[in-house]
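1. sequence and predicted structure, then a few things I'm wondering about:
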Amino acid sequence: MGEADLSLAPLSDPFVPELYRTVRVTRELRDTVTLELAPLSGKRPAFEPGQFNMLYAFGVGESAISISGDPAEEGTFVHTVRNVGAVSKALSALEAGAAAGLRGPFGTSWPVEGAEGSDVVIVAGGLGLAPLRPAIYHILANRDRYGRVSILYGCRNPGDILYRHELEQWRQRLDVDLTVTVDHADASWHGNAGVVPSLIKRTAFDPHDTVAMVCGPEIMMRYSMNALRGAGVSEKRIYLSMERNMKCAIGLCGHCQFGPEFVCKDGPVVPYSKVARIFALREI
Amino acid sequence: MEGLDRILKEHAFFAAFSPEHIQLLAGCARNHRFTAGQYLFREGDPADEFFLIRQGKVALEIVAPGKEPIVFETLTDGEVAGASWLVAPYRWMFDARATTLTRAIGLDAKCLRGKCDTDHNLGYEMMKSVLSILVKRLDHTRLQIIDVYGRG
Ligand SMILES: Cc1cc2nc3c(=O)[nH]c(=O)nc-3n(C[C@H](O)[C@H](O)[C@H](O)COP(=O)(O)OP(=O)(O)OC[C@H]3O[C@@H](n4cnc5c(N)ncnc54)[C@H](O)[C@@H]3O)c2cc1C
Ligand code: FES
């Protein structure tokens, strides 16, 4: 990892990353790690559940990565990165002590306050659990402000379950309904098999007073949204997190455009009603 | 018979069925209890019974020779297992194994097909209900086949 001297850059320039140090690396899955990053100087900025940072791997490039840590905890940014290409590979290879650049936080957030008083259904697929984890931390820490809380998580197979230990802990709570499902498994798996949208009809919530938060691969989100709408949840109360490749992250370059929206500033978290019309189109 | 009537009526699959039809179907029904590990049916067996799960969990599995079985779906309360009883050659295409104590209703397939042939209104209701489940399963199977969690 090359040394980059960015310390002379004005702090307010949104294009220039701040310097961070990797304080902890946790291997989650074969291709996925969680990084804890602390600012080299100053305080870590506050963030809202659902927001993302632009993480810069020196000499390689920059990627949008959601914040996956607890918003109530101070000191570091927690990010879960899946190695899919050049930048995410370099980020995944960071070791404790290594430097990284960071711009952010950016974007809209999950409606954790707007959902108070309502039932909450969280639907996550694969790595989509990472951007939802801050919302889950917040909701569980303020459990008495919500109605029924359900977490539905789907992934490919039992070996790909993200944050397994935490899911097990959440499942032990008596005030959360948590179901994990896998696309397929061997016979030693005693949990559920099947796709995550199929869990929605098995879940108890009041469709007229429910806020749903959905994040995962786009096709999985489409099916989940259909199942939620089919169960009677209004499109205005179904929120999803959109992923589009980004460059500036501040609404200038148009790289992340999704129909009339810029995912970096109008998203990533949007109510389905805002994007329903264009969501099913292919080349956006 | 009275008891089976009531149990059928309470099952989600029969929610839209008229009391008369339910009464007719109850004539084909019997109670089952499967302990964990017991099979409701196995691939290749004659599909001579239609199972409605009342309580419990059933893993649907496919076995390739020399390999571990693959669980591709888990069924639970209010769901039904398979449709092979409805279409020739009436043979199961996968295994169904109870993973917990499971209570189910079994409807004798021959009896059921006979009633549907005689009373086409009943047959139509049955087809609509089974078809809606099959379409959903097909959607879900598509999601599994395309491996949505794979690399983009
Ligand atoms: C708001 C937002 C939040 C995100 N949060 C996370 C996160 O928490 N953790 C994480 O690991 N990734 C996250 N991503 C995705 C991440 O930004 C991309 O995976 C990364 O930029 C890919 O860059 P690369 O150089 O590693 O791979 P590239 O070489 O650019 O791409 C490699 C492969 O990944 C695919 N790909 C690239 N970008 C995306 C994308 N956005 N979504 C799906 N597939 C993509 C490409 O089609 C290609 O097949 C997020 C993206 C956005 C927009
Ligand atoms: S990334 Fe530049 S406008 Fe959104």
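-> Perfect, thanks for sending it. Residues are numbered from 1 along each chain as shown, chains lettered A, B, ... in the order given. Ligands and ions are numbered 1, 2, ... in the order given.
2. excluding its backbone neighbours, what's nearest the residue nearest to the spatial centre of chain B?
-> The centroid of chain B falls nearest to B:Ala81 when counting by Cα atoms, centre = their mean (2.2 Å). Excluding the flanking residues, the one nearest B:Ala81 by Cβ to Cβ, 6 or more residues apart in numbering or on different chains is B:Phe51, at 4.3 Å. Glycine gets a C-beta too; all of them are placed from N, C-alpha and C.
3. confirm A:Pro131 sits in a helix?
-> Yes. Counting by DSSP: H, G, I helix; E, B strand; the rest coil, A:Pro131 is found in a helix.
4. report the separation between it and A:Glu243.
-> Between A:Pro131 and A:Glu243 the computed distance is 9 Å (Cβ to Cβ, to the nearest Å).
5. look at those two and report which has more neighbours.
-> Shown here are A:Pro131 and A:Glu243; by other Cβ atoms under 10 Å in any protein chain shown, A:Pro131 has more neighbours (28 against 23).
6. the more buried one against A:Met242, yeah?
-> No. Applying Cβ atoms under 8 Å, one finds A:Pro131 not in contact with A:Met242, separated by 10.6 Å.
7. shared neighbours of these two, anything?
-> A:Pro268 (Cβ atoms under 8 Å, 6 or more residues apart in numbering or on different chains).
8. what about residue 147, neighbour count?
-> Let's take chain A. 15.
9. could you do chain B instead?
-> 12.
10. partner residues bridging A:Ala124?
-> Taking DSSP bridges as the rule, A:Ala124 bridges to A:Tyr153, A:Cys215.
11. for it, give me its contacts.
-> A:132, A:151-154, A:196, A:214-216.
12. picking up where we left off before, next, the residue nearest to B:Ala81: phi, psi?
-> Backbone torsions of B:Phe51, given as degrees, to the nearest 10, read phi -100, psi 130.
13. looks like it contacts B:Asp108 (just checking).
-> No. Taking Cβ under 8 Å as the definition, B:Phe51 is not a contact partner of B:Asp108, at 11.2 Å.
14. now B:Cys28. Nearest residue, chain neighbours left out?
-> B:Cys111 (3.6 Å).
15. for B:Glu49, see how far away that neighbour is.
-> B:Cys111 is 10 Å from B:Glu49, by Cβ to Cβ.
16. the more surrounded of these two?
-> B:Glu49 (25 against 17).
17. is the more buried one bridged to anything, and to what?
-> What pairs with B:Glu49, by the bridge criterion (DSSP bridges), is B:Asp108.
18. what does A:Phe258 give?
-> Here A:Phe258, judged by DSSP bridges, has bridge partners A:Glu261.
19. A:Tyr153 and A:Glu166 touch, don't they?
-> No. With contact defined as Cβ under 8 Å, A:Tyr153 does not reach A:Glu166; the gap is 10.7 Å.
20. neighbour count winner among those two?
-> Per other Cβ under 10 Å, whichever of A:Tyr153 and A:Glu166 has more neighbours is A:Tyr153, with 25 against 13.
21. any idea how far the more buried one is from A:Ser224?
-> In terms of Cβ to Cβ, A:Tyr153 sits 11 Å off from A:Ser224.
22. so what sits against both of these two?
-> Joint contacts of A:Tyr153 and A:Ser224 (Cβ under 8 Å, 6+ apart) are A:125, A:196.
23. pull up the overlap in contacts between A:Pro131 and A:Glu243.
-> Residues touching both A:Pro131 and A:Glu243 (Cβ under 8 Å, 6+ apart): A:Pro268.
24. ok, longest strand in chain A?
-> strand A:18-29 (DSSP state E).
25. how about the next helix or strand after that strand: buried residues?
-> Next along the chain after strand A:18-29, taking DSSP states H and E as the criterion, comes strand A:32-39. The neighbour-count check on strand A:32-39 (16 or more other Cβ atoms under 10 Å in any protein chain shown) flags A:32-37, A:39 as buried.
26. right, is strand A:32-39 up against chain B?
-> No. Judged by Cβ under 8 Å from any Cβ of the partner chain, strand A:32-39 stays clear of chain B, getting no closer than 11.3 Å.
27. what strands line up against that strand, and which way round?
-> Assessed with DSSP bridges, strand A:32-39 is paired to strand A:18-29 (antiparallel), strand A:77-82 (antiparallel).
28. other residues contacting that strand?
-> So strand A:32-39 is contacted by A:18-28, A:44, A:55, A:68-69, A:75-83, A:91-92, A:94, A:100, A:102, A:127, A:162 (Cβ under 8 Å, 6+ apart).
29. switch the cut-off to 6 Å
-> A:20-28, A:76-82, A:92 (Cβ atoms under 6 Å, 6 or more residues apart in numbering or on different chains).
30. follow-up on the earlier one: give me the more crowded residue out of B:Phe51 and B:Asp108.
-> With neighbours defined as other Cβ under 10 Å, B:Phe51 and B:Asp108 compare such that B:Phe51 has more, 22 against 17.
31. tell me which parts of the stretch 101-250 of chain A are close to chain B?
-> A:126, A:155-156, A:183-187, A:190, A:192-195, A:198, A:217, A:219-220 (Cβ under 6 Å from any Cβ of the partner chain).
32. can you select the buried ones from these in ChimeraX?
-> In ChimeraX, this line selects whichever of these come out buried by 16+ other Cβ under 10 Å:
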select /A:126,155,156,183,184,185,187,192,193,194,195,198,217,220
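33. so what are the domain limits for chain A?
-> A:3-106, A:119-279 (automatic domain parsing).
34. tell me which of the ones you listed is the most buried.
-> domain A:119-279 (a mean of 20; mean count of other Cβ atoms under 10 Å in any protein chain shown).
35. so what's residue 115 up against?
-> All of this is about chain A. Residues in contact with A:Ala115 (Cβ under 6 Å, 6+ apart) are A:Val211.
36. you looked at the wrong chain, it should be chain B
-> B:24, B:122.
37. the stretch 151-284 of chain A: helices as residue ranges?
-> With DSSP state H, counting those that start in this stretch as the criterion, the stretch 151-284 of chain A has helices at A:164-172, A:218-230, A:263-266, A:272-279.
38. what's next to the longest one, contact-wise?
-> I take that to be helix A:218-230. Contacts for helix A:218-230 (Cβ under 6 Å, 6+ apart): A:123, A:125, A:197, A:200, A:212, A:214, A:238, A:240, A:272, B:148.
39. and the longest helix that chain B contains, what other elements does it pack with?
-> When chain B is parsed with DSSP state H, its longest helix is helix B:120-145. Applying 3 or more Cβ pairs under 6 Å, 6 or more residues apart in numbering or on different chains; DSSP states H and E, we find helix B:120-145 packed against helix B:109-118.
40. quick one, the helix it packs on and helix B:120-145 angle?
-> Angle of helix B:109-118 versus helix B:120-145, following axes from the mean of the first three to the mean of the last three Cα atoms, to 10 degrees, is 120 degrees.
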